[in-house]
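> sequence and predicted structure, then a few things I'm wondering about:
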Amino acid sequence: MGEILLNADNRRLHADGRRLHVRKVADLNKKFLYKDLSYKIIGCFYEVYNELGPAHKEQIYHEALKVAFAEEKIEYEENKSLKIKYKGKDVGIYKPDFIIENKIVVEIKSVLNMPKVFEKQLYYYLRGTDYKVGYLVNFGNEKIDIRRRVYESVRRIKSA
C-alpha cells in the first residue's frame, strides 16, 4: 500500500492518486471516542514515565498519576468497584486502577514484558461493563507501553 496523502477535499488518497476512502478525515476524527480526554490522559502517562522511569512498583505510578491527573484537572475515581455482567446478571466485581471522568478505564502495570493476557483482561472488562474505552499502560520497560482498546463497535454489532 503506498503513502497516504490528502487531496483538496481532505479525502485520503494513495500516493498514486487513487481514492482510499470516501469519508473525509474530519469524519474519521469524530469517530475517535473521547479524543481530547484521551490526549490529556496519554500526556499524563508520558509525564509520569519521563519523570520516574521504569524502575518502580505499580503503586508508585498509581500515586504519580493521581498527581498528574489533578494537575490537568482530570476527574478520576480509583479502585471503583464495577459489576461484571453475564447474560444480564451480575457475576462479579472488577476494580480498575482508574475510571477517568466516568468514561475511560485505566489499568496500570509495571512488568518487564506485558503478556497478551493483560490485554485480553482489559477487553473482557470492557465487554462486561458499560465502559467503551480502556487504556492498559506498562511503566516497567525501557519504553512506556500504552495500549488503547475500544469495545463499542462490538456492542453495535450485537445490537444490530
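That came in fine, so what should we check first?
> now V111: how far from R148?
Applying C-beta to C-beta, to the nearest Å, the value for V111 to R148 is 18 Å. Glycine gets a C-beta too; all of them are placed from N, C-alpha and C.
> also Y131?
13 Å.
> who's more crowded, those two?
Using other C-beta atoms under 10 Å, the more surrounded residue of Y131 and R148 is Y131, with 20 against 16.
> hang on, that one packs against K103?
Yes. Counting by C-beta atoms under 8 Å, Y131 does reach K103; the two are 7.3 Å apart.
> between the two, what contacts are shared?
Contact criterion C-beta atoms under 8 Å, 6 or more residues apart in numbering; residues shared by Y131 and K103: none found.
> in a helix, V137, correct?
No. Secondary structure of V137 (DSSP: H, G, I helix; E, B strand; the rest coil): strand, not part of a helix.
> run through the bridge partners of it.
Taking DSSP bridges as the rule, V137 bridges to I108, I146.
> contacting residues around it?
So V137 contacts F45, Y61, V106, E107, I108, K109, I144, D145, I146, R147 (C-beta under 8 Å, 6+ apart).
> please identify the helix or strand for the first one.
The secondary structure element spanning F45 is helix 35-52 (assigned by DSSP states H and E).
> rewinding a little: now the contacts of V137: which count as buried?
F45, Y61, V106, E107, I108, K109, I144, D145 (16 or more other C-beta atoms under 10 Å).
> now these in a markdown table, with distance to F118 and pLDDT?
As requested, these are exported to a markdown table (distance: C-beta to C-beta, whole Å; pLDDT from 0 to 100):
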| residue | distance to F118 | pLDDT |
| --- | --- | --- |
| F45 | 16 | 97 |
| Y61 | 15 | 98 |
| V106 | 13 | 97 |
| E107 | 7 | 96 |
| I108 | 10 | 96 |
| K109 | 6 | 96 |
| I144 | 15 | 95 |
| D145 | 10 | 95 |
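> quick one on the thing from earlier: could you check the angle helix 35-52 makes with the next helix or strand after the helix holding F45?
Next along the chain after helix 35-52, taking DSSP H and E as the criterion, comes helix 58-71. Orientation check (axes from the mean of the first three to the mean of the last three C-alpha atoms, to 10 degrees): helix 58-71 against helix 35-52 gives 130 degrees.
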